[in-house]
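[1] Structure here, sequence nowhere to be found:
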């Protein structure tokens, strides 16, 4: 038993030097993973809201994704993104006749990925991102089917590929 522990420590140190970081492109790449919703009811007002969550996976070669809270408080930083955030979200609504209509909603403009590398060291990143979109109910709303087209943008202003979600039924207007 005493011999096994030093061997384990030595082999761990020896093999840790063999790790090669993945070779991702510096332009972010995303894939659609899932879409879902949860209906919440405000305990005070009884107002209903569907919380839609879109999950995407991403790869980025230099890891320059997201913005810190301090950066988001800086108007000059936000303006450098041209009035939008790090997500580009296009809503696609299925019409009564089965056709589709695309919208860029004002409430979807300016959505931000949190800063993912706080040490500011360049290097590859891979992971999952959840984008949450609240859809509030109103008296005259009906169930509508929507899907979304998504791209992300890194700090070098490079856009990823665009992915499309499945349809989901949420409250809306016809």
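    Here it is on my side, so go on. In this text the structure is predicted, and so the values were computed from the model without any measurement.
[2] close enough to count as contact, residue 37 and residue 170?
    Yes. Under the criterion of C-beta atoms under 8 Å, residue 37 makes contact with residue 170 at 6.7 Å. From N, CA and C alone the C-beta is placed, and that goes for glycine too.
[3] what residues are shared contacts of these two?
    50, 52, 135 (C-beta atoms under 8 Å, 6 or more residues apart in numbering).
[4] Let me see the contact set for the second one.
    By C-beta under 8 Å, 6+ apart, residue 52 lies in contact with 35, 36, 37, 132, 133, 134, 135, 168, 170.
[5] Please identify which helix or strand holds the residue lying closest to the fifth one once chain neighbours are set aside.
    This means residue 133. In this structure, residue 133 finds its nearest non-sequential neighbour in residue 52, 4.4 Å apart by C-beta to C-beta, 6 or more residues apart in numbering. Per DSSP states H and E, residue 52 falls inside strand 48-60.
[6] Report the buried residues of that strand.
    49, 50, 52, 54, 56, 58, 59, 60 (16 or more other C-beta atoms under 10 Å).
[7] circling back to that earlier point, and the residue nearest to residue 133, what are its bridge partners?
    residue 37, residue 133 (DSSP bridges).
[8] still on that earlier bit, ok, then the element right after the strand holding residue 52?
    That would be, after strand 48-60 and using DSSP H and E, helix 69-72.
[9] residues making contact with that next one?
    Contacts with helix 69-72, where a contact means C-beta under 8 Å, 6+ apart, come from 77, 78, 112, 115.
[10] Of those residues, select the buried ones using a PyMOL command.
    Entered in PyMOL, the line below selects the buried ones among these, by 16+ other C-beta under 10 Å:
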select buried, resi 78+112+115
